[in-house]
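Participant: I'll drop the sequence and a predicted model, then ask my questions.
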Amino acid sequence: MSSSAAAAPKTAAPSTLREGLAVVRRGIAGEPRWFAVAVVGATVYGVMTGLMAWAIGWVVDRAVAPAIEARHVTASQLWFIGGVLTAVVLVTVIGVIGRRLAGGIAMYNLGAKYRRDVTRQYLRLPLSWHHRHPSGQLLSNANADVEATWNVFAPLPMAIGVLVMLLFGIVQMLVIDPILAVVGLTVYPLLFAANVAFQRAMSPRVTRAQQLRADVSEVAHESFEAALIVKSLGREDHETDRFRAVTHELRDANIEVGRTRGRFDPAVEAIPTLGTLAVLLIGTLRVRAGELSAAEVTQIAYLFSITAFPVRALGWVLAELPRAVVGWHRVSAVLDASGGLRYGDRALPRGRASAVTTEDLSYAYEIETEDGESGVNPAVVGVTLDLPAGATVAVVGPTGSGKSTLTSLLVRLVDPDSGAVLIDGIDLRQVRRGGVSEVAALVAQQTFMFDDTVRDNITLGADHDDSEVWRALEVAQGSAFVGRLAKRLDTRVGERGASLSGGQRQRIALARAVVRNPQLLILDDATSAVDPSVEQAILSRLRDASSGTTVLVVAYRMATILLADEVVYIEEGRIVDHGTHAELLGRCPGYEQLVTAYAREAAERAATAAKEVAR
């Protein structure tokens with residue numbers, strides 16, 4: 001229930017301006033064409049907004065003032081006024097559409113690209129990395145953090161248009177009247193200073209809010225995943241309180257962000273208004289003195305009003321930069337993560353059962369001790385194993401003895417800390433990407449079903465016709481119950497297979513592996529949810545159908561063990577003994593005690609029942 005440091009670094013607020021500009025440059029490099037179109041649109045918008053002031057001044061000078069003097073408006077004057085303003089507005093609208101449309105496409109393309117990159121990296125990284133990072137944090141990285149990184153591209157084109165507008169407007173004001181221009185320009189340093197102060201105040205608050213969003217996602221995902229445990233143990237109130245605590249933290253952080261924005265908004269709103277009043281006041285005095293015309297004062301006042309207020313767009317960009325930087329830190333922590341499996345260029349032999357060998361295999365999980373230090377928990381220690389081609393081998397051991405870890409190593413879900421796994425004499429680290437899955441299949445003890453049809457849950461998009469799917473279901477003893485479903489193979493199983501029983505899900509998962517005709521099939525307690533008679537039927541059919549398959553099965557039941565050619569007994573990650581079932585019964589006390597435990601318990605219950613009857 002703790003956050004991941006790698007996926008969600010709890011750092012102080014970074015120097016957002018420098019790092020934020022680096023994020024922006026990265027985004028521009030990722031979408032140069034659409035960003036260029038957005039900049040062109042923003043430039044057109046900025047220029048035409050500035051020209052609107054000139055157009056208004058021209059219209060006032062050429063049509064409005066004469067009409068006022070004549071106390072009569074002619075049709076040609078109305079057409080002149082409407083035509084000039086309409087032309088400027090239309091071109092401005094084109095610029096706005098280009099700016100928003102292209103900027104939005106650039107932003108959403110970047111979001112889609114980085115979501116793909118993050119999820120692709122998740123699939124590339126080994127299970128050992130996933131064990132150290134909560135799923136809620138990973139969901140936040142792929143969604144909220146990517147969104148936070150590139151949302152800055154929404155106001156960015158507008159801010160560029162504002163800069164063009166400022167430059168164009170300042171030049172016009174200086175040309176019309178330098179004195180009024182200087183009066184108006186004194187406001188801009190105040191606006192920029194207010195925006196910089198706003199950004200600095202917002203940065204740590206936005207950083208905290210963004211990090212808390214990931215914490216909320218983590219707690220929510222953990223609660224959903226553990227719904228069965230929470231409900232069955234009556235811990236709904238506890239989980240509700242835990243979720244309430246972190247959401248209240250996020251609420252308080254967002255309120256602080258809003259409070260900070262509220263403190264700065266009045267100043268940012270008031271500064272342009274005061275500047276406009278100063279321009280109008282001094283401009284009126286200069287008109288009375290005959291130094292300026294009413295049209296020139298109107299033009300400068302309009303220029304000032306339309307350029308001062310949009311300066312806030314720069315504030316919007318500055319407000320988004322902290323979120324962009326925090327989001328990028330969290331996303332790049334995934335993209336730059338080490339620990340990915342390295343691949344060679346060799347292919348495994350096809351067309352025959354695989355022989356598997358392990359050489360002094362060891363693997364340990366990383367753990368955190370009570371004092372916060374890093375430690376390890378050995379799971380597999382010095383395992384040397386030989387699985388002959390076509391053999392069926394049972395791996396037996398008490399809970400926590402390393403059986404599941406061993407199966408993960410055999411199909412290279414993780415790499416060993418030392419030693420090697422060889423299939424047909426080839427070290428799996430020399431095999432090309434995807435090469436192991438072409439010959440080997442693992443059916444884990446925890447089955448996962450997609451919210452899809454039975455057929456698609458078995459084929460997983462691979463090219464298998466229905467006859468192959470039915471044959472795999474027959475081997476897995478699943479054809480009967482699938483045949484009774486309303487739409488047979490086209491029946492949707494619901495989220496995580498909610499419409500199926502545990503045994504039905506296991507049989508579909510087994511068919512998923514069998515349909516691929518693997519040369520190495522590993523069953524990690526994959527039939528625990530079916531009754532012993534069905535399990536024996538499955539394993540018997542599997543043995544008959546897999547003459548070209550080497551089978552390793554993690555087994556607990558006697559019926560399963562008896563079907564194996566050889567039994568490997570493991571304790572505390574080490575192979576204690578191996579041989580036939582009969583051989584191990586005679587010489588391995590730990591094995592004998594484990595496999596006869598159920599029989600002894602049944603015998604004890606029968607004896608107790610007999611005594612009760614006798615009384």
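Facilitator: The structure has been received and is ready for your questions. Note that this is a predicted model, so its numbers are computed, not measured.
Participant: CA atoms for contacts and neighbours, from now on please.
Facilitator: Fine.
Participant: Pull the one helix or strand residue 503 maps to out as CSV, backbone CA atoms only.
Facilitator: Per DSSP states H and E, residue 503 falls inside helix 502-514. C-alpha atoms of helix 502-514 as CSV (Å, rounded to 0.1, in the frame of the first residue of the first chain):
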residue,chain,number,x,y,z
GLY,A,502,-13.2,-20.7,-11.3
GLY,A,503,-12.9,-24.1,-12.8
GLN,A,504,-14.3,-22.9,-16.1
ARG,A,505,-11.8,-20.0,-16.2
GLN,A,506,-9.0,-22.4,-15.6
ARG,A,507,-10.1,-24.7,-18.4
ILE,A,508,-10.3,-21.8,-20.9
ALA,A,509,-6.8,-20.7,-19.7
LEU,A,510,-5.5,-24.2,-20.3
ALA,A,511,-7.1,-24.3,-23.8
ARG,A,512,-5.4,-20.9,-24.5
ALA,A,513,-2.1,-22.6,-24.0
VAL,A,514,-2.9,-25.9,-25.7
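Participant: Just the strands from the stretch 351-500 of the chain, written as ranges.
Facilitator: For the stretch 351-500 of the chain, strands defined by DSSP state E, counting those that start in this stretch occupy the ranges 356-368, 374-387, 392-396, 418-423, 426-427, 440-443.
Participant: Dump those to a markdown table, plus mean pLDDT and distance to residue 245.
Facilitator: Below are the strands of the stretch 351-500 of the chain laid out as a markdown table (pLDDT from 0 to 100; distance: least, Cα to Cα, whole Å):
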| stretch | mean pLDDT | distance to residue 245 |
| --- | --- | --- |
| strand 356-368 | 81 | 25 |
| strand 374-387 | 81 | 28 |
| strand 392-396 | 86 | 44 |
| strand 418-423 | 86 | 44 |
| strand 426-427 | 86 | 50 |
| strand 440-443 | 83 | 39 |
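Participant: Now tabulate those strands in a markdown table and tack on distance to residue 264 and mean neighbour count.
Facilitator: A markdown table is the format used below for those (distance: least, Cα to Cα, whole Å; neighbours: other Cα atoms under 10 Å):
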| stretch | distance to residue 264 | mean neighbour count |
| --- | --- | --- |
| strand 356-368 | 44 | 18 |
| strand 374-387 | 45 | 16 |
| strand 392-396 | 68 | 25 |
| strand 418-423 | 59 | 20 |
| strand 426-427 | 63 | 16 |
| strand 440-443 | 59 | 24 |
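Participant: Kindly reformat those as TSV containing distance to residue 333.
Facilitator: Listed next are those as TSV, based on distance: least, Cα to Cα, whole Å:
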stretch	distance to residue 333
strand 356-368	19
strand 374-387	20
strand 392-396	38
strand 418-423	27
strand 426-427	30
strand 440-443	30
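Participant: Let me know the next secondary structure element after the helix holding residue 503.
Facilitator: Immediately after helix 502-514, counting by DSSP H and E, sits strand 520-524.
Participant: helices or strands next to that next one in the packing?
Facilitator: For strand 520-524, the packing partners by 3 or more Cα pairs under 8 Å, 6 or more residues apart in numbering; DSSP states H and E come out as helix 403-410, strand 440-443, strand 550-554.
Participant: so what strands line up beside the second one?
Facilitator: Read it as strand 440-443. strand 520-524 (parallel) (DSSP bridges).
Participant: Run the chain-centre distance for the partner strand.
Facilitator: Between the centre of strand 520-524 and the centre of its chain there are 30 Å (Cα atoms, centre = their mean, to the nearest Å).
Participant: and the direction of it versus that of strand 418-423, what angle?
Facilitator: With axes from the mean of the first three to the mean of the last three Cα atoms, to 10 degrees defining the directions, strand 520-524 sits at 120 degrees from strand 418-423.
Participant: returning to that earlier point: between the helix holding residue 503 and strand 520-524, what angle do the directions make?
Facilitator: 160 degrees.
Participant: hey, where'd the helices end up in the stretch 101-250 of the chain?
Facilitator: 127-130, 135-140, 146-150, 156-176, 178-185, 187-225, 227-232, 236-288 (DSSP state H, counting those that start in this stretch).
Participant: Mean pLDDT and distance to residue 22 added to the ones you listed, as a markdown table?
Facilitator: A markdown table is the format used below for these (pLDDT from 0 to 100; distance: least, Cα to Cα, whole Å):
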| stretch | mean pLDDT | distance to residue 22 |
| --- | --- | --- |
| helix 127-130 | 71 | 28 |
| helix 135-140 | 72 | 22 |
| helix 146-150 | 83 | 11 |
| helix 156-176 | 76 | 14 |
| helix 178-185 | 77 | 30 |
| helix 187-225 | 74 | 16 |
| helix 227-232 | 64 | 42 |
| helix 236-288 | 79 | 24 |
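Participant: So which of those helices is the most surrounded?
Facilitator: Sort the helices of the stretch 101-250 of the chain by mean neighbour count, taking mean count of other Cα atoms under 10 Å, and helix 146-150 sits at the top with a mean of 25.
Participant: partner residues bridging the closest residue to residue 577 other than its chain neighbours?
Facilitator: Counting by Cα to Cα, 6 or more residues apart in numbering, the nearest residue to residue 577 once its immediate chain neighbours are dropped is residue 569, at 5.4 Å. Judged by DSSP bridges, the bridge partners of residue 569 are residue 396, residue 577.
Participant: show me what contacts residue 569?
Facilitator: Going by Cα atoms under 8 Å, 6 or more residues apart in numbering, residue 569 touches 395, 396, 397, 575, 576, 577, 578, 591.
Participant: Just give me the least confident of those.
Facilitator: Ranked by pLDDT, these bottom out at residue 591 (81).
Participant: Residue 584 is in contact with that one, correct?
Facilitator: Yes. Contact criterion Cα atoms under 8 Å: residue 591 and residue 584 qualify, at 6.7 Å.
Participant: neighbour count winner among the two?
Facilitator: residue 591 (25 against 19; other Cα atoms under 10 Å).
Participant: I'd like to know which elements the helix or strand where that one lies is packed against.
Facilitator: Using DSSP H and E, the element containing residue 591 is helix 589-595. Using 3+ Cα pairs under 8 Å, 6+ apart as the contact test, the elements touching helix 589-595 are helix 581-587.
Participant: what about the closest residue to residue 30 other than its chain neighbours, how many residues close to it?
Facilitator: Counting by Cα to Cα, 6+ apart, residue 110 is the residue found nearest to residue 30 once chain neighbours are left out, at 7.0 Å. Using other Cα under 10 Å, residue 110 has 23 neighbouring residues.
Participant: and what of residue 45?
Facilitator: A count of nearby residues for residue 45, using other Cα under 10 Å, gives 29.
Participant: Please apply the same query to residue 391.
Facilitator: Under the neighbour criterion other Cα under 10 Å, residue 391 is assigned a count of 22.
Participant: and what of residue 336?
Facilitator: 9.
Participant: ok, it to residue 21 distance?
Facilitator: Distance, residue 336 to residue 21, by Cα to Cα, to the nearest Å: 20 Å.
Participant: mind checking pLDDT for residue 481?
Facilitator: What the model reports as pLDDT for residue 481 is 82.
Participant: Leaving out chain neighbours, which residue sits closest to it?
Facilitator: Nearest one to residue 481, counting by Cα to Cα, 6+ apart, is residue 504 at 7.9 Å.
Participant: Let me know whether residue 81 touches residue 59 as I believe.
Facilitator: Yes. Counting by Cα under 8 Å, residue 81 touches residue 59, with 5.9 Å between them.
Participant: And this structure, what are its domain boundaries?
Facilitator: Domains of the chain are assigned by automatic domain parsing as 16-335, 356-610.
Participant: Please produce a markdown table containing those, extended by distance to residue 346.
Facilitator: Putting those into a markdown table (distance: least, Cα to Cα, whole Å) gives the following:
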| stretch | distance to residue 346 |
| --- | --- |
| domain 16-335 | 19 |
| domain 356-610 | 5 |
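Participant: Among these, which comes closest to residue 349?
Facilitator: Closest approach to residue 349 among these is made by domain 356-610 (7.4 Å; Cα to Cα).
Participant: Just give me how far the closest one sits from the chain centre.
Facilitator: With Cα atoms, centre = their mean, you get 30 Å for domain 356-610.
Participant: again, but for stretch 193-211
Facilitator: Using Cα atoms, centre = their mean, the offset of stretch 193-211 from its chain centre is 25 Å.
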